[in-house]
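[1] Okay, structure incoming, though there's no sequence with it:
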């Protein structure tokens, strides 16, 4: 328990220092992305279900008819229902499976995105989206059954220590690309993927600095940090 608390503090420290750059760069990169695969299928479902009737607008905001008539330029933001559907699809974890996820959504619904318009997306909603993503990542990394399912067939399934699995940029990039493939799908352009890889490589290096490279607990910390950084980014939150 003490080890898990110290790992969480380390990840939080690194993510807090890195978050403004990471969120800005990855969100802006993702705004131009045409994310396909599993993300695209859920975007289509949400768009067809939402329409222009504002059913998802439980916060009481009214939709600007001029904006509705004009349509969107580029991708739109997912409302919290679309976000929830995407997180379930890419992680394989329904919101109802674990109370920590369900409780976070129920308690922070008003802070999560309510509108599908990028102009309505606030910094509070971006951070709430990121925090929700970390809840899913906790179960992907901490629960052995979820970890083995999610990482099945990859070199991280059995938590090899960093000196075996994260000792060079090639191995780190393998982890980053695994997450990008799982969470963003195959439709991200090369330039967008490259920017995300650069940002995440910096986060991984910062997370590994000064840590025990012979310990699988350090690997768990890195897996959690990378998962949170990518799952909580615009590639997940935008249609």
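    Ah, there it is. If you're wondering where the values come from, they're calculated on a predicted model, not measured in any experiment.

[2] If you rank every helix and strand of this structure by mean pLDDT, what lands last?
    helix 65-70 (a mean of 36; mean pLDDT, DSSP states H and E).

[3] what are the ranges of the helices in this structure?
    2-31, 38-50, 65-70, 80-91, 99-107, 123-142, 144-150, 162-165, 169-183, 190-208, 216-231, 234-237 (DSSP state H).

[4] what comes up buried for the fourth one?
    With burial defined by 16 or more other CB atoms under 10 Å, the residues of helix 80-91 counted as buried are 80-91. C-beta here means a position set from N, CA and C on the backbone, and glycine is covered the same way.

[5] Format those as TSV; extra columns: distance to residue 158.
    Supplementary listing: the buried residues of helix 80-91 in TSV, determined by distance: CB to CB, whole Å:
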residue	distance to residue 158
80	35
81	36
82	34
83	31
84	30
85	31
86	28
87	25
88	25
89	25
90	22
91	19
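
[6] List the residue ranges of this protein that fall below the pLDDT cut-off.
    The chain contains residues with pLDDT under 70 at 1-76, 237, 239.

[7] Kindly recompute the last result at 90.
    For the chain, the stretches flagged by pLDDT under 90 are 1-84, 95, 109-130, 155, 184-196, 232-239.

[8] between the buried residues of helix 80-91, which is closest to residue 102?
    Closest approach to residue 102 among the buried residues of helix 80-91 (CB to CB): residue 84, at 10.0 Å.

[9] mind checking how far the closest residue in space to that closest one that isn't next to it in sequence is from residue 134?
    Using CB to CB, 6 or more residues apart in numbering and skipping residues adjacent in sequence, the residue nearest residue 84 is residue 95, 5.6 Å away. Distance, residue 95 to residue 134, by CB to CB, to the nearest Å: 14 Å.

[10] same check, this time on residue 142
    11 Å.

[11] Between these two, which is the more surrounded one?
    More crowded of residue 142 and residue 134, by other CB atoms under 10 Å: residue 134, with 20 against 14.

[12] How about residue 77, nearest residue that isn't a chain neighbour?
    Residue 77 sits nearest to residue 121 (CB to CB, 6+ apart), 4.8 Å away.

[13] And residue 111, by the same measure?
    Going by CB to CB, 6+ apart, residue 111 has residue 128 as its nearest residue, at 4.0 Å.

[14] So what's the residue count around residue 124?
    Residues near residue 124, counting by other CB under 10 Å: 13.

[15] Might one say that it is in contact with residue 113?
    No: here residue 124 lies out of contact with residue 113, judged by CB atoms under 8 Å, at a distance of 9.8 Å.

[16] thinking again about what came up before, can you tell me which of the buried residues of helix 80-91 lies nearest to residue 183?
    Distances from residue 183 to the buried residues of helix 80-91, taken by CB to CB, are shortest for residue 90, at 5.0 Å.

[17] Kindly provide the distance from the closest one to residue 236.
    In this view, residue 90 and residue 236 are 7 Å apart by CB to CB.

[18] Can you list the neighbours in contact with stretch 124-136?
    19, 23, 27, 83, 87, 91, 93, 100-101, 104-105, 108, 111-114, 224, 227-228, 231-233, 236-237 (CB atoms under 8 Å, 6 or more residues apart in numbering).

[19] Pull out the buried residues from those.
    19, 23, 27, 83, 87, 91, 93, 101, 104-105, 111-114, 224, 227-228, 231-233, 236-237.

[20] Now do the contacts for residue 96.
    residue 102.

[21] ok, back up a step: next, count neighbours for the residue nearest to residue 84.
    The tally of other residues near residue 95 (other CB under 10 Å) stands at 19.
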